[in-house]
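> Here is a sequence with its predicted model. Questions after.
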Amino acid sequence: MLTIAIQNKGRLNEDTVSLMLDAGISASASHRKLISDAKGFPLHVLYLRDDDIPQAVAMGVADIGIVGLNEVLEKEQDVEVLMKLGFGACRLSLAVPKEVDYQGLKWFEGKRVATSYPVILRKFFADNGINAQVHQIAGSVEVAPAVGMADAIFDIVSSGGTLIQNGLREEETVTFSEAVLISTPNLDDDKNREIEKLKFRFQSILESRGMKYVLFNLPKNKIDEAVAILPGMKSPTILPLANPEWVSLHVVLHEDILWEKIEQLKNIGATDILVLALENVIR
Ligand code: PRT
Ligand code: ZN
């Protein structure tokens, strides 16, 4: 049976548990447990701090794990990144006090930079030929410049609000991150088959997120115009109606373009437009 390591609490815990739930796998969200069995898929669930997940997977304590790509890059453990999971999105950026007249990367030459991600940062400076002092600190990196512990910081940024609150300005984005599914390299065939099943479930959920199922009635002579408006999956489904002058069209649309497309369809005579939630796209 597979063992999956997930974050025990914190930002990724809730989205991880809900992705699993959407995939028909119910795991306890309990933070007090270390390990439990999931329902709906043969899976042991190991609850760990995110920092420990890459190592647990590299060692084979867990076969797979869900963790931020930032932790995978920082810990440099021997794990395979199997897929991106579409949540926990953030970037790792260099930020300087807002009064600094920043002219480019050369500014960091000889400067002290505080971070919880020294491996990623040292590599970035080395790749760019910058000699800076990288100071590793465990938490509250963003206060380091104000208390005189550093000249700049390198940290996770999502909305940018924390930087602004601390009088800092984001200057260089070094890398992007999101939650990823990782695995121990070279697992046996049985485990790989189970992982493929899990990836298939996750993939179909990710593909259906943000998608809507749209159906509407249309005069038959407008089909070509409707097809030109709609991207569709392969092509829209067209069903006859009792009235031979009319058809019913069914299509899957992303919510980003939903209203724009609905307006265009109304303009060519579409009526009785139904927009339904989409649970899964199984290809
Ligand atoms: O206890 P444990 O070690 O498991 O958790 P943790 O405290 O180390 O991590 P946690 O739960 O805070 O974050 C887990 C993962 O979420 C990270 O490794 C990232 O992959 C991802 N993630 C996504 C983030 C953020 N967004 C985020 N905004 N992790 C941290 N932040 C913090 C950041 O450190 C900074 O303090 O939020 C602040 C910036 O946010 P904005 O929105 O103000 O820019
Ligand atoms: Zn952590």
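Happy to help now that I have it. Ligands and ions are numbered 1, 2, ... in the order given.
> by contact count, what packs against the strand or helix carrying Pro54?
Here Pro54, judged by DSSP states H and E, is contained in helix 53-59. Under the contact criterion of 3 or more C-beta pairs under 8 Å, 6 or more residues apart in numbering; DSSP states H and E, helix 53-59 touches strand 2-7, strand 64-68, helix 69-75, strand 179-183. For the C-beta atoms, the positions are set from N, CA and C on the backbone; glycine is no exception.
> List of residues touching it?
5-7, 46, 48, 62-67, 71-72, 75, 77-79, 182-184 (C-beta atoms under 8 Å, 6 or more residues apart in numbering).
> circling back to that earlier point, deepest of the helices and strands packed on helix 53-59, which one?
strand 64-68 (a mean of 28; mean count of other C-beta atoms under 10 Å).
> Return the list of strands paired to that one, each annotated with direction.
strand 2-7 (parallel), strand 179-183 (antiparallel) (DSSP bridges).
> Ligand 1: which of these is closest?
With C-beta to the nearest ligand atom as the criterion, ligand 1 lies closest to strand 2-7 of the strands paired with strand 64-68, at 5.0 Å.
> follow-up on the earlier one: let me have the strands paired with strand 64-68 in CSV, extended by mean pLDDT and distance to Val17.
Listed next are the strands paired with strand 64-68 as CSV, based on pLDDT from 0 to 100; distance: least, C-beta to C-beta, whole Å:
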stretch, mean pLDDT, distance to Val17
strand 2-7, 97, 7
strand 179-183, 98, 12
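> for the stretch 1-150 of the chain, which spans come out with low pLDDT?
30-31 (pLDDT under 70).
> Next to ligand 1, which bits of the stretch 51-200 of the chain? Give me the list.
51, 68, 70-71, 88, 90, 155-162, 177 (C-beta under 6 Å from any ligand atom).
> ok, and what's touching stretch 83-95?
Residues outside stretch 83-95 that contact it (C-beta under 8 Å, 6+ apart): 11-12, 15, 19, 66, 68-70, 108, 113, 117, 120, 142, 152-158, 163, 168-181, 199, 202-203, 206, 209.
> And those, which of them are buried?
11-12, 15, 19, 66, 68-70, 108, 113, 117, 120, 142, 152-157, 163, 168-172, 174, 177-181, 199, 202-203, 206 (16 or more other C-beta atoms under 10 Å).
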